[in-house]
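Let me see the structure of the following:
(one chain, ligands or ions: 1)
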Amino acid sequence: MPDFANPFIGTVPRKLTHGELVRAIMLNISAEYEAVHLYLAHMDATDNEDARKVLYDIALEELVHVGEFTSLLYRLDPVTATKMEEGFAEVRELLASRAPGEPAATDAGTGQPAAAAPAGQLTVGSLLRAPKP
Ligand SMILES: [Fe+2]
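Residues are numbered from 1 along each chain as shown. Down below sits the predicted model:
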């Protein structure tokens, strides 16, 4: 929560190192998500339609800030960018997989059939479809 009593709280007597800046941006992203949660919780807690409309609009603006900070983080820290891309790929692969007898998965973005893994590459889906011993 905000601490306005001391205007210098959170400041340091020097410039941030690159590593400290990366971690500060990560903290900023967390703060933006916390703001989204707070505004949506307040929206849910009132029946005042004007307040609900404004809170929802501001919550969406905070998501734009999440995107801006995340884009900056990708530029500042390629390791984070690589790891986040790995996570995106893992979820794409997981959700594109299917159990035996299930209809083919579709790409959430396009609605087209999901791309199969290259021949010889094991995926969660290929493990589920493996012949039973
Ligand atoms: Fe924000």
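
ok, which residues in the chain are in contact with the ion?
32, 62, 65 (C-beta under 5 Å from the ion). All C-beta spots, glycine's among them, are computed from the backbone N, C-alpha and C.

Where does the first one fall, secondary structure wise?
Taking DSSP states H and E as the definition, one finds residue 32 inside helix 18-44.

Now do whichever helix or strand comes after that helix and helix 18-44, the angle between them.
Going down the chain from helix 18-44, the next helix or strand is helix 49-76, by DSSP H and E. Helix 49-76 and helix 18-44 meet at an angle of 160 degrees, taking axes from the mean of the first three to the mean of the last three C-alpha atoms, to 10 degrees as the criterion.

wait, doesn't residue 46 sit right on residue 52?
Yes. Contact criterion C-beta atoms under 8 Å: residue 46 and residue 52 qualify, at 6.2 Å.

The two: which has the busier surroundings?
More crowded of residue 46 and residue 52, by other C-beta atoms under 10 Å: residue 52, with 16 against 11.

OK, contacts around the residue lying closest to that one once chain neighbours are set aside?
Distances taken as C-beta to C-beta, 6 or more residues apart in numbering place residue 43 nearest to residue 52, at 4.9 Å, with adjacent residues excluded. Taking C-beta atoms under 8 Å, 6 or more residues apart in numbering, we find residue 43 in contact with 51-52, 55-56, 59.
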